[in-house]
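Peer 1: sequence first, then the predicted structure:
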Amino acid sequence: MATEDHVDAEESRKSQLCKDKVGKAVRAIYKQHELLLEKKKSLFGNTAPIYLQVTLWEVPVQKKKRFKLSVPHGVRGKNCEVCLITKDEREMDREQCAKFYKKLLAQKGVKNISHVMSLQTLRKEYRPFEARRKLVQEYDLFLADERIFRLLDSCTGKEFHKKQKYPVAVDVMKTDLAKEIETSINTAYFIMVGRGSCSGVRIGHTDLTEEQTVENVMASVESLTSKIPKGWPNIKCLYIKTQKSMAIPIYATTDFSGTTSEGAHTKVSDKGAAEDMDAESGYEDESDDNEAGSPQKRKQSASEQTSQKKQKTAKRKKAQGDKKKADKTETKIEEKSPKKKKLKASKMKKSQKV
């Protein structure tokens, strides 16, 4: 029985997305893209990225995480601009370090890296906010040597997180470096933020055929359900869109069958935050409302409570004021008493001399 329940739980986590609906939505996206190209022709190429928007019922309470989603076709086009951030080599300045790694990439047959920079270059030349913002806009993807990956958080800043372009770690010293970089470029990365219910992931581009885009959508959703908590039942809505097109829904539901870790049913708001249906979660019982009586009685009780609070605060202030006055009088008496003692002592001395 336990194994059967485990199998059923795994089956319920799997994607139940309809391929026909995805195909219709993808065709609509491509038509929208064609209409936009007819209206405004771009000088920088006609390729547009395609995104999958995911809305969850329950927002996981955790730190920001990034998951790799396996897709059969590359999510970036041929003209993708990629920047590689490398380790600082000893006894080499920034230019020599960049030349050393460009030579290494050429020897290992890597041809899809647009720019190479060292960690020192990132720290010194891109310290101002404006410089970092321009750097983020200039490249589609950032790769980083895994040996310096833990040091990047202090060098990148919020602009990399905002544009979802935080560097991806690669093993630069790997023998099959070309394949390592190729897979890193063509992989979809889903970033799960623990404060909002909606997230987006790049799952293709308009240079792919419609069938290839459909395959990418199906594969990315299947991979996504294995990564997120509670799997497929936790997905509320799915949309696909380009940067300038409207979002087209491919899945939406109004029912949520998820349960908490304790087994209690949960009611989830539109914002995506789960609220327990127990009394501890802030919901008021109907019996308490009936005992309180009509709204007029509630208003009267509220006014009585406020008046009682005011009386208590007034008494407290008065007691504090009386205490301060008593303290002042005591200090004055203490100040005067040493003077009187000195006068008496001086008079006694004079009388003894006489």
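Peer 2: In hand now; what should we look at? Numbering: from 1, shown residues only.

Peer 1: look at residue 345 and report its pLDDT.
Peer 2: Note for residue 345: predicted pLDDT of 70.

Peer 1: and residue 138, by the same measure?
Peer 2: Here, the pLDDT recorded for residue 138 equals 91.

Peer 1: tell me the contacts of it?
Peer 2: By C-beta atoms under 8 Å, 6 or more residues apart in numbering, the contact set of residue 138 is 81, 83. Backbone N, C-alpha and C define where each C-beta goes, glycine included.

Peer 1: and for residue 215?
Peer 2: With C-beta under 8 Å, 6+ apart, residue 215 has these contacts: 71-73.

Peer 1: against residue 73, how distant is it?
Peer 2: Distance, residue 215 to residue 73, using C-beta to C-beta, to the nearest Å: 7 Å.

Peer 1: that older thread, most neighbours out of the contacts of residue 215, which is it?
Peer 2: Greatest neighbour count in the contacts of residue 215, by other C-beta atoms under 10 Å, goes to residue 71: 24 neighbours.

Peer 1: so that one touches residue 188, yeah?
Peer 2: Yes - in this structure, residue 71 is within contact of residue 188 by C-beta atoms under 8 Å, at 5.2 Å.

Peer 1: list residues touching both of those two?
Peer 2: Contacts common to residue 71 and residue 188, judged by C-beta under 8 Å, 6+ apart, are 203, 216, 220.

Peer 1: so the nearest residue to residue 208 once chain neighbours are set aside is in which element?
Peer 2: Counting by C-beta to C-beta, 6 or more residues apart in numbering, residue 73 is the residue found nearest to residue 208 once chain neighbours are left out, at 5.7 Å. If you go by DSSP states H and E, residue 73 is not part of any helix or strand.

Peer 1: what about the strands in this protein?
Peer 2: 49-56, 65-69, 82-86, 115-118, 141-145, 168-170, 188-192, 198-205, 235-242, 248-252, 266-268, 274-276 (DSSP state E).

Peer 1: those: which one's closest to residue 226?
Peer 2: strand 65-69 (9.2 Å; C-beta to C-beta).

Peer 1: other SSEs contacting that closest one?
Peer 2: Here strand 65-69 touches strand 188-192, helix 210-227, going by 3 or more C-beta pairs under 8 Å, 6 or more residues apart in numbering; DSSP states H and E.

Peer 1: relative to helix 210-227, how tilted is that strand?
Peer 2: With axes from the mean of the first three to the mean of the last three C-alpha atoms, to 10 degrees applied, the angle from strand 65-69 to helix 210-227 works out at 130 degrees.

Peer 1: can you offset everything so residue one is 253?
Peer 2: With 253 as the first residue, the last one maps to strand 317-321.

Peer 1: I'd like the mean pLDDT over strand 317-321, please.
Peer 2: 83.

Peer 1: what does that strand contact?
Peer 2: If you take C-beta under 8 Å, 6+ apart as the criterion, strand 317-321 is touched by 418, 439-444, 453, 455, 471-472, 475-476, 479.

Peer 1: cutoff 10 Å now
Peer 2: With C-beta atoms under 10 Å, 6 or more residues apart in numbering as the test, strand 317-321 has contacts from 304, 327, 416, 418, 420, 435-436, 439-446, 453-455, 468, 471-476, 478-480.

Peer 1: need the buried ones from the residues you listed selected in ChimeraX.
Peer 2: Buried residues among these (16 or more other C-beta atoms under 10 Å), as a ChimeraX selection:
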select :304,327,416,418,420,436,439,440,441,442,444,445,453,454,455,468,471,472,473,474,475,476,480
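
Peer 1: quickly list the domain ranges of this protein.
Peer 2: 265-327+439-560, 328-430 (automatic domain parsing).

Peer 1: gap between the most centrally placed residue in the chain and residue 480?
Peer 2: The C-alpha lying nearest the average C-alpha coordinate of the chain belongs to residue 445 (C-alpha atoms, centre = their mean; 3.1 Å). Separation of residue 445 from residue 480 (C-beta to C-beta): 12 Å.
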